[in-house]
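Trainee: Sequence unavailable; structure follows:
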């Protein structure tokens, strides 16, 4: 997921009437686009994603979480979880996800 996709998803959530809004971005890799990488520096998309996540965290309108499938998303998302799916996922995956949400949300 890149910053543009995250910003689009956050904007859609902002239009909803629910008082609490959560966005969980699930990713199996860093942002990548060949044309963008040719026209900009190698870290352009990474930096833009970091910027969008930081802006959203500052606004506080939507709680944004990153879930990495087989990778660590901590460089991008302050609230994150790395899932090891080398074996079939069981209920432990859901416990990990709920634990991440519970640690960072005030109910």
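Mentor: That came in fine, so what should we check first? Keep in mind the model is a prediction, meaning the values are calculated, not measured.
Trainee: Phi, psi for residue 90 please.
Mentor: Residue 90 adopts backbone torsions of phi -130, psi -160, taken as degrees, to the nearest 10.
Trainee: now do residue 68
Mentor: Main-chain torsions, residue 68, degrees, to the nearest 10: phi -90, psi 130.
Trainee: so who does it touch?
Mentor: 27, 28, 80, 81, 82, 83 (CB atoms under 8 Å, 6 or more residues apart in numbering). (C-beta placed from N, C-alpha, C; glycine too.)
Trainee: Can you turn the buried part of those into a PyMOL selection?
Mentor: The PyMOL selection below is limited to those of the contacts of residue 68 classed as buried (16 or more other CB atoms under 10 Å):
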select buried, resi 27+80+81+83
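Trainee: pLDDT-wise, what's the bottom of the contacts of residue 68?
Mentor: Least confident entry in the contacts of residue 68, by pLDDT: residue 28, with 83.
Trainee: my guess is that one meets residue 67, correct?
Mentor: No. In this structure, residue 28 is not within contact of residue 67 by CB atoms under 8 Å, at 10.0 Å.
Trainee: secondary structure class for the residue nearest the centre of the chain?
Mentor: With distances taken as CA atoms, centre = their mean, residue 66 lies nearest the centre of the chain, 3.2 Å away. Recorded secondary structure, residue 66: strand (DSSP: H, G, I helix; E, B strand; the rest coil).
Trainee: so it touches residue 82, yeah?
Mentor: No. Counting by CB under 8 Å, residue 66 does not reach residue 82; the two are 9.1 Å apart.
Trainee: Need the overlap of contacts for these two.
Mentor: By CB under 8 Å, 6+ apart, the residues touching both residue 66 and residue 82 are residue 73.
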